[in-house]
Structures are given as structure tokens and as C-alpha cells.
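*Asks:* Sharing a model prediction with you, sequence too.
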Amino acid sequence: MSLKDHLYELRHRLGMAMLIIAIGAIFGWIWFGVKLGPIPSLGDIMTAPYCQPDLEPYRVKFDGEIGCRLLQTEPFESFMIRLQVGTAAGAVLLSPFWLYQFWAFITPGLYQKERKFARTFVFFAAILFAAGAVLAYLVVPEGLQVLISFGGDDFITALTGGKYVSFIITMLFIFGVSFELPLIVVMLNRAGVISYEMLAKWRRGLLMGLFVFAAIATPGTDPISMVALALALSALFEMAIQIARIHDKRKARLRSAEGWDALDDDEAAPFHYVPSDAEGNDPGEKAIASEPPKRVNYDDAT
């Protein structure tokens, strides 16, 4: 394809992705105020941490009854909140479809092995992000209880919609992105940038850094969110270290089997330079792999 054709293809893929996100936003807007069978509405899901029974003594009363509603302080605040939350929820639910548009644009330039590598990375990245968001949603009620209870009986709570929703979305995003850190460690180990020995040597410092990161990243001052994020990241990081250990051991066995570590300084390495095709197939791999490395005496070379 020419550069002009690539630009047309990019415009088409971007247009399709934006259309899918727009459809997701419409779905999220409707879901915000409507229950989907046994699934509660998106508005109820967002306000559930604030409506927990443990916060009833702190919430403001409306007409003599304990309220569980957020305050609207601007004319279009509820409209913008519904649009923001609906768009975010729709984009997440339809993410496989609009992400495919970007994948379809870049995949023609990748080898078969690179495509497999990218698919694995995206798959685990999506799972880790979802796990982090779920953990954040489970932790938010406890964090709100700690934050709101600081005032004791001297304060009543009536949260504004914009600040509350911003707090919830920020927590979900921070936890989701933080869960990607162990995956990055594994990918760097696969690429040969860091080794298991380095990770094991830096383990204590890195764990301390995770706790500091959790303290800075969590928007609230409650210890519940910080400790939950730090412990989860520590467990995932330890898992990443063990994956790196297994990978490095297997890599060392392959090097030993191929005789890399036993080569002398004047001995040629067993390289083969047969290029692979676009599908990642190596036509000369079997033939070359069956031949033992040839010894070369550079003293006799002319």
C-alpha cells in the first residue's frame, strides 16, 4: 500500500472506532437510569458505595429521612455525569470491537510471532486492568467509611455528584493501571532488559517502592485503599519475579543445549542468517539446526 492508502485506511479505522464508542455511549446513557434484568442500573452501581448502611449516621437527612442522593450544584452537572459515566462504561464494554480496529490497522506489518506476542500481552493486560478495577470497587466503600468518619458527629455528609463520581472513576483507573506494572516487568524480562537476578536483588527496594507508590497514587487519605493496593501489587510483583525465574532457567538450559556457554573466544557462534517469511516460517531452520556448529581456526584464515 502507498502512503496515501495507509492514511485512508487509518481514517477508516479511526472512524469505525469512534462510531463504536458512540454506540457504547448511547448504551451507557440508557443503562445509567434503567436496570438490565437482574443487573442494577449504572447509576445504582456508582452510588452503591455511598449508599452503604454504615454511612447512614453521617449522611444528611432530606424531609426527615436519611437520604442517599448526590447533590447537583450546577445546572448541567447531572447531565455531564451521566454522559461521562455512560461513555466510560460503554467504551469499556465495547472495547474489544474498537480495539480491533487499531489491531487490524497495525497487524499487516507484523510477523506471525509478533502477532502472537501482542495478542498475549493485550489479553493479560485487559484481565489485570479489570481485576484492578474490581478490587478498587470493593475497597471504595471501606475507604469512604474511613474518610467520612473522621469528622465524627460534628459533620454531616452530602457529597456533590461531580466530585464523588470523579473520586470513583479515579480509583478504578488508578487500580486498573497499577495492576499493569507486574505485566511490564514480565515483558521486560522476556525482552532481556532485566533478569531474575536483578529482580531478586532489588526485591526489598521494589516492594518498598510499591508501598510508596500506593500511598501517592490513591486519591484519598484512608489507609484501607493504600494497603489494599500495595498488598495486591506486592503479590503480583512476586508472581512476576517467579515467572522471570522460570523464564531465565529455561533460557539458560537452551543456551547450554546449543553450546553457547562452551564456545571458545576463537570459535564461531552457531548463527544462521536465513530470513523468515511474513508468516514467521523459517525455511532453513530445520536444515541448519540439524548441522552442528563448525569450528573455525582464525589463525589459518587468510
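*Replies:* Structure received.

*Asks:* Helix or strand: which one has Gly192?
*Replies:* Applying DSSP states H and E as the criterion places Gly192 outside every helix and strand.

*Asks:* give me the number of residues near it?
*Replies:* 9 (other C-beta atoms under 10 Å). C-betas here are computed from N, CA, C, even on glycine.

*Asks:* Also Ser225?
*Replies:* Neighbour number of Ser225 under other C-beta under 10 Å is 27.

*Asks:* wouldn't Met171 be in contact with Val140 here?
*Replies:* Yes: under the criterion of C-beta atoms under 8 Å, Met171 makes contact with Val140 at 5.7 Å.

*Asks:* Quick check: which ranges of the chain have low pLDDT?
*Replies:* 1, 58, 60-67, 151-153, 219-222, 258-302 (pLDDT under 70).

*Asks:* where do the helices sit along it?
*Replies:* 3-33, 42-47, 77-93, 95-106, 112-149, 161-178, 181-190, 196-201, 203-217, 223-258, 285-289 (DSSP state H).

*Asks:* Relative to Phe155, which of the ones you listed is closest?
*Replies:* With C-beta to C-beta as the measure, helix 112-149 is the member of the helices of the chain nearest Phe155 (8.1 Å).

*Asks:* for the closest one, which positions count as buried?
*Replies:* Within helix 112-149, the residues that qualify as buried by neighbour count (16 or more other C-beta atoms under 10 Å) are 115, 125, 128-129, 132-133, 135-137, 139-145, 147-148.

*Asks:* try stretch 191-198
*Replies:* Within stretch 191-198, the residues scored as buried using 16+ other C-beta under 10 Å are 194-196.

*Asks:* Now render those as TSV, adding distance to Pro182.
*Replies:* Below are these laid out as TSV (distance: C-beta to C-beta, whole Å):
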residue	distance to Pro182
Ile194	13
Ser195	16
Tyr196	14
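
*Asks:* can you give me phi and psi for Gln52?
*Replies:* phi -60, psi 150 (degrees, to the nearest 10).

*Asks:* thought it was touching Glu142?
*Replies:* No: with contact defined as C-beta under 8 Å, Gln52 does not count as touching Glu142 (9.3 Å).

*Asks:* Overlap of the contact sets of Met171 and Val140?
*Replies:* Common contacts of Met171 and Val140 (C-beta atoms under 8 Å, 6 or more residues apart in numbering): Ser225.

*Asks:* Between the helices of the chain, which one is closest to Cys68.
*Replies:* Closest approach to Cys68 among those is made by helix 42-47 (6.8 Å; C-beta to C-beta).

*Asks:* Summarise which helices and strands that closest one is packed against.
*Replies:* When contacts are defined as 3 or more C-beta pairs under 8 Å, 6 or more residues apart in numbering; DSSP states H and E, helix 42-47 packs onto helix 3-33, helix 77-93, helix 161-178.

*Asks:* change it to 7 Å
*Replies:* Packing contacts for helix 42-47, counted by 3 or more C-beta pairs under 7 Å, 6 or more residues apart in numbering; DSSP states H and E, involve helix 3-33, helix 77-93.

*Asks:* tell me which residues in it are buried?
*Replies:* 42-43, 45-47.

*Asks:* Distance to Gln84 for those - can I get that in TSV?
*Replies:* Shown next, in TSV, are these (distance: C-beta to C-beta, whole Å):
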residue	distance to Gln84
Leu42	11
Gly43	12
Ile45	14
Met46	11
Thr47	15
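
*Asks:* and which of the residues you listed is nearest to Leu254?
*Replies:* Scanning the buried residues of helix 42-47 for proximity to Leu254, where the rule is C-beta to C-beta, the winner is Ile45, at 48.8 Å.

*Asks:* where's that closest one relative to Leu233, distance?
*Replies:* For Ile45, the distance to Leu233 equals 25 Å [C-beta to C-beta, to the nearest Å].
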